[in-house]
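K.L.:
Compute the structure for the input listed below.
(one chain, ligands or ions: 1)
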Amino acid sequence: MDIAELASVEGRVLRPGDGGFDESRALWNTRFDRSPDLAVRCLNANDVTAAVDYAREQGMRLSVKGGGHSYAANSVSDGGLLIDLSMMKKIVVDPGERTVTVEGGVTGAEMDAATQEHGLATPTATVSSVGVIGAALGGGAGYLSRKHGLMIDNVISARLVTADGRQVRAAADENADLFWALRGGGGNFGVVTSLELRLHDVGPQVLSGQIIYPFDKAGEYLRFFRDFMADAPEEFQCYPFCFRVPPIDMFPEETHGQPVLDFVLYHEDPDAIEFVMPLRDLGEPILEVAGVSRYVNAQTGFDANLPKGQRYVSKAHDLAALSDGAIDTMVEYVPRMVGPLSAAYFDPLGGAVGRVDPSATPYAGRDTTFGFHIIAGWMDAADDDSVLAWASEFHTAMGAHATGGVYVNLIADDETSRIPAAYGANYARLVELKQRWDPGNLFSSNYNILPG
Ligand SMILES: Cc1cc2nc3c(=O)[nH]c(=O)nc-3n(C[C@H](O)[C@H](O)[C@H](O)COP(=O)(O)OP(=O)(O)OC[C@H]3O[C@@H](n4cnc5c(N)ncnc54)[C@H](O)[C@@H]3O)c2cc1C
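P.N.:
Numbering: from 1, shown residues only. This is a model prediction of the structure:
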């Protein structure tokens, strides 16, 4: 391996043992501890091109890391070359055109901070350290999605380095087939060095908060929630998030270790407190903190629940409806939850997400009204078997109430056979486009679409 060919790289070329190498290969999910042969910490698109060309010519496995939050740890491989985009942090907001352009290393928190200076925002993931482009390439759902769609529905254009090392632009009027594929097809089609997104008026103040109930009446409360969401405006979003109370002072001591149902809520209107009161008046909350908040703070509400550097597995389903069966399954499995950081929730979709034609982008779940997601989290490898068994059983049981589809970004490492189901009728076109843009499957360390 003659890395002199990477001499043009303005960022850093790192080998195991070099300062910064471990930071480059670090993942949010430490259940995976992988070490590539080389990490190229890129500063610009030319660095990315040099790394792509080098990996292709050397026949090296290539992986691409933005924010490092891949549940399945796709962004770092054992052996091969890692393209680390985390230093590519440029953000350009155009308030007149209402657009933002972000580079590959930008997180949701960083983009929100820049766009909120102009009272603008675009949908992002609900944990603020998630990479913007990594989330957007698979779909990207967050608090704003019922009103403004998925992240992919807000993409205007992308600049990327393709498998043959070309730097190209993809938009509705240029490389339109590639533009279609990128908006859901993940990292399969190239390394996206920058992405241009549409902005909307949001904040700076919104309503946000949590209303946390003991779990004993969860079945009744979730049925109420289902009816409440059916009539709720698209400006409102609420995740019923089930977890075990951690042993910390903000919770009464007698609740420590107990399962709870937490309505994590968001309303674009900071004065909408009366609207959420029915969720508050269901019973006696253990804790309630709902009120006016800065949008950027509302966007960090889940951060503490899902800290970086622990062991995780993600299991998900698309649901056509929040049926009694789905609610009863949640009620049955949450009290048996294993893993101190484990959680499960329903994710209301519909609204603007559902108004997009299912063939307009690869994302197939346009008729999904609720996502279902288990994030099992724990610290000790000795607990792997028990936590993974609980998550699998719960996931299998919920499958009886699901559509068979799944949001691709939430697929677990051992579930790659579900990738076609994530794309449904759009999968065949993705396979064709993969053949056209990456026939040698250079970009394989992802939710991989095999060239057809
Ligand atoms: C704590 C947590 C919370 C989450 N919350 C949400 C949520 O609210 N909504 C939601 O929709 N999703 C959510 N996700 C899922 C998230 O969207 C995906 O895991 C996403 O891929 C993470 O992007 P990343 O850049 O941080 O991850 P990375 O691990 O860096 O990248 C993941 C994959 O994306 C691809 N990729 C990343 N950047 C590029 C690029 N520039 N060019 C080409 N390919 C690239 C690669 O294939 C890579 O393997 C969450 C994930 C976590 C861990």
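
K.L.:
how many other residues sit next to the nearest residue to residue 76 once chain neighbours are set aside?
P.N.:
Closest residue in space to residue 76, ignoring its immediate chain neighbours: residue 34 at 4.6 Å, by Cβ to Cβ, 6 or more residues apart in numbering. The way it works is simple: take the backbone N, C-alpha and C, and place the C-beta from them, glycine included. Using other Cβ atoms under 10 Å, residue 34 has 16 neighbouring residues.

K.L.:
for whichever residue of the stretch 351-452 of the chain sits closest to the ligand, helix, strand, or coil?
P.N.:
The stretch 351-452 of the chain approaches the ligand most closely through residue 446 (3.3 Å), counting by Cβ to the nearest ligand atom. What DSSP: H, G, I helix; E, B strand; the rest coil gives for residue 446 is coil.

K.L.:
State the distance from residue 381 to residue 324.
P.N.:
Using Cβ to Cβ, to the nearest Å, we find residue 381 at a distance of 38 Å from residue 324.

K.L.:
what residues are up against the residue nearest to residue 76?
P.N.:
Listed by Cβ atoms under 8 Å, 6 or more residues apart in numbering, the contact partners of residue 34 are 25, 27, 73, 76-78.

K.L.:
Output these as CSV; include the columns neighbour count.
P.N.:
Formatted as CSV, the contacts of residue 34 follow (neighbours: other Cβ atoms under 10 Å):
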residue, neighbour count
25, 24
27, 21
73, 21
76, 24
77, 21
78, 13
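
K.L.:
For residue 84, give me its contacts.
P.N.:
24, 39-42, 65.

K.L.:
what does the stretch 201-350 of the chain put close to the ligand?
P.N.:
residue 306 (Cβ under 6 Å from any ligand atom).

K.L.:
Give me the spatial nearest neighbour of residue 282, chain neighbours excluded.
P.N.:
Closest to residue 282 by Cβ to Cβ, 6+ apart is residue 221, at 5.3 Å.

K.L.:
quick one: pLDDT of the one you found?
P.N.:
pLDDT, residue 221: 98.

K.L.:
which SS class is it?
P.N.:
Applying three-state DSSP: residue 221 is helix.

K.L.:
so it touches residue 212, yeah?
P.N.:
No. With contact defined as Cβ atoms under 8 Å, residue 221 does not count as touching residue 212 (11.1 Å).

K.L.:
which residues do these two both contact?
P.N.:
residue 261.

K.L.:
higher neighbour count, residue 381 and residue 324?
P.N.:
residue 324 (13 against 10).

K.L.:
Not counting sequence-adjacent ones, nearest residue to residue 251?
P.N.:
That would be residue 245: by Cβ to Cβ, 6+ apart, it lies 4.8 Å from residue 251.

K.L.:
picking that back up, ranking by neighbours, what's the top pick from the contacts of residue 84?
P.N.:
Counting by other Cβ under 10 Å, top hit in the contacts of residue 84: residue 42 with 30 neighbours.

K.L.:
Verify the contact between it and residue 89 for me.
P.N.:
No. The pair residue 42 / residue 89 is not scored as a contact, 11.4 Å apart, by Cβ under 8 Å.

K.L.:
about what we covered before: kindly reformat the contacts of residue 84 as JSON lines and extend each row with secondary structure and pLDDT.
P.N.:
Shown next, in JSON lines, are those (DSSP: H, G, I helix; E, B strand; the rest coil; pLDDT from 0 to 100):
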{"residue": "24", "secondary structure": "helix", "pLDDT": "98"}
{"residue": "39", "secondary structure": "strand", "pLDDT": "98"}
{"residue": "40", "secondary structure": "strand", "pLDDT": "98"}
{"residue": "41", "secondary structure": "strand", "pLDDT": "98"}
{"residue": "42", "secondary structure": "coil", "pLDDT": "98"}
{"residue": "65", "secondary structure": "strand", "pLDDT": "98"}
